[in-house]
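Student: Got a predicted model here, sequence first, then my questions.
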Amino acid sequence: MSKFTFEPLAVPDLIVIKPTVHGDTRGFFLETYRADEFAAAGIMNTFLQDNHSHSTQGVLRGLHFQKTRPQAKLIRCVTGRMFDVGVDLRRGSPTYGQWAGVELSSDNHWSLLIPKGFAHGFLVLSPEVDVEYQCDEYYHPEDEGGLLWNDPTVGIVWPLPVGSMPLLSGKDQQWLTLAEGKER
């Protein structure tokens, strides 16, 4: 019996991974990754680096990617709730410039696979969030790229309270739009 359900989002290469959770009055147990079951679902990544991020409510991190050394990422929320997004930046892809997102939380235990060639970002919905993610390529700061979080041509619908703005790093406020990035 499979320990995971693999469900594509509206951009089909973005895949939500739902584990089987075994719980009782003591708590729960689940597997977060199994190479054999991921491979059977067509996910063949070899993960090289694990990261942990902690953020507070209203923080938006992203949209990040690496330009010449792209990373696939397997994202999961271990504490709190977040809205996680991938944007297809693969030139020639039928879903180029399209996005899809899903709420990941410590309650649903889901993960999201962000393939190589996608920008990634998330918005913190709970008072705090802890995010752990695996990458199949090392982070190279000199290779970092980004896409403006509110690019109107991409049109991400972030679940922000009406009239509010997310908390962004200086770098995340200054990324280019998809159209501006194509001109360079």
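Tutor: Perfect, I can see it now.
Student: how about low-confidence regions in this structure?
Tutor: 1, 182-184 (pLDDT under 70).
Student: Most distant residue from the centre of it?
Tutor: Distance from the C-alpha centroid of the chain, by Cα atoms, centre = their mean, peaks at Thr25 (31.3 Å).
Student: Please report phi then psi for that one.
Tutor: Dihedral angles phi and psi of Thr25 (degrees, to the nearest 10) take the values phi -60, psi -20.
Student: do the same with Trp110
Tutor: Torsion angles, degrees, to the nearest 10, at Trp110: phi -80, psi 160.
Student: And Ala40, by the same measure?
Tutor: Here is the backbone geometry of Ala40 (degrees, to the nearest 10): phi -60, psi -30.
Student: And the strands in this structure?
Tutor: 4-8, 15-19, 22-24, 27-29, 49-56, 60-66, 73-79, 81-88, 99-105, 111-114, 118-124, 128-135, 144-146 (DSSP state E).
Student: how about the CA coordinates for the first one, as PDB?
Tutor: The C-alpha coordinates for strand 4-8 follow below in PDB (Å, rounded to 0.1, in the frame of the first residue of the first chain):
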ATOM      1  CA  PHE A   4       1.600   8.900  -0.400                       C
ATOM      2  CA  THR A   5      -0.900  10.400  -2.700                       C
ATOM      3  CA  PHE A   6       0.500  12.600  -5.500                       C
ATOM      4  CA  GLU A   7      -1.800  15.200  -6.800                       C
ATOM      5  CA  PRO A   8      -0.900  17.700  -9.600                       C
END
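Student: Run through the bridge partners of Gln134.
Tutor: Asp50, Leu74 (DSSP bridges).
Student: Contact partners for it?
Tutor: 33, 47, 49-51, 73-74 (Cβ atoms under 8 Å, 6 or more residues apart in numbering). Heads up, the C-betas are built off the backbone N, CA and C, glycines and all.
Student: ranking the residues you listed by neighbours, who comes first?
Tutor: Lys73 (26 neighbours; other Cβ atoms under 10 Å).
Student: State the number of residues packed around His109.
Tutor: By other Cβ under 10 Å, neighbour count at His109 equals 19.
Student: what's the spacing between it and Ile17?
Tutor: Taking Cβ to Cβ, to the nearest Å as the measure, His109 and Ile17 are separated by 10 Å.
Student: Tell me who's in contact with the spatially closest residue to Gly181 that is not a sequence neighbour.
Tutor: Once flanking residues are discounted, Gly181 sits nearest to Leu147: 7.0 Å by Cβ to Cβ, 6 or more residues apart in numbering. The neighbours of Leu147, taking Cβ under 8 Å, 6+ apart as the test, are 62-63, 65, 87, 89, 119, 154, 175-178, 181.
Student: With distance to Arg81 as added columns, please give those residues in JSON lines.
Tutor: Listed next are the contacts of Leu147 as JSON lines, based on distance: Cβ to Cβ, whole Å:
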{"residue": "Gly62", "distance to Arg81": "16"}
{"residue": "Leu63", "distance to Arg81": "19"}
{"residue": "Phe65", "distance to Arg81": "24"}
{"residue": "Val87", "distance to Arg81": "21"}
{"residue": "Leu89", "distance to Arg81": "26"}
{"residue": "Ala119", "distance to Arg81": "21"}
{"residue": "Val154", "distance to Arg81": "23"}
{"residue": "Trp175", "distance to Arg81": "25"}
{"residue": "Leu176", "distance to Arg81": "29"}
{"residue": "Thr177", "distance to Arg81": "28"}
{"residue": "Leu178", "distance to Arg81": "28"}
{"residue": "Gly181", "distance to Arg81": "30"}
